[in-house]
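Undergrad: give me the fold of what follows.
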Amino acid sequence: MANALVSIQILPSTPGGESVLPYVDRAIDIIKDSGVPYRVAPLETTMEGELGDLLAVVQRMNEAMTEMGCASVISQIKIYYNPESGASMGRLLEKYPDGQ
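TA: All right, here's what the predicted structure looks like:
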């Protein structure tokens with residue numbers, strides 16, 4: 001059972017002021033490749049899993065941005081940690097499964 005939800009909005013300082021979209025796409029690819037359940041939303045992406053595993057995904061995302069030439073990266077993160085009862089996007093979204 002997952003014990004955490006981590007939501008992240010990644011804001012890379014792109015080379016030459018390029019669009020952030022290809023960088024955000026790369027960050028989402030890293031989440032996909034990790035195999036954790038996730039949900040993309042307009043301003044952030046939420047992942048579900050073990051806290052340590054999710055934080056490792058966040059680290060890989062930030063490292064990928066610098067490997068792509070970004071001088072720096074801001075990652076705005078929210079963490080819901082519940083080791084006793086577990087953490088589930090589905091449980092938190094029961095009332096609003098379609099976001100409305």
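
Undergrad: please tell me how far I28 sits from E44.
TA: Separation of I28 from E44 (C-beta to C-beta, to the nearest Å) stands at 11 Å. Yep, even glycine has a C-beta here, placed from its N, CA and C like the rest.

Undergrad: where exactly do the strands run in the chain?
TA: Taking DSSP state E, the strands of the chain run over residues 4-12, 38-40, 45-49, 73-81.

Undergrad: against which helices or strands is the second one packed?
TA: Read that as strand 38-40. Applying 3 or more C-beta pairs under 8 Å, 6 or more residues apart in numbering; DSSP states H and E, one finds that strand 38-40 contacts helix 21-34, strand 45-49.

Undergrad: let me know which of the ones you listed is the nearest to A64.
TA: Within the helices and strands packed on strand 38-40, the stretch nearest A64 is helix 21-34; the backing value is 5.7 Å (C-beta to C-beta).

Undergrad: in that closest one, which residues are buried?
TA: By neighbour count on 16 or more other C-beta atoms under 10 Å, the buried set for helix 21-34 is Y23, V24, R26, A27, I30, I31, S34.

Undergrad: stretch 89-100 now?
TA: For stretch 89-100, the neighbour count (16+ other C-beta under 10 Å) marks M89 as buried.

Undergrad: what's the offset of it from the middle of its chain?
TA: Distance of stretch 89-100 from the chain centroid (C-alpha atoms, centre = their mean, to the nearest Å) equals 18 Å.
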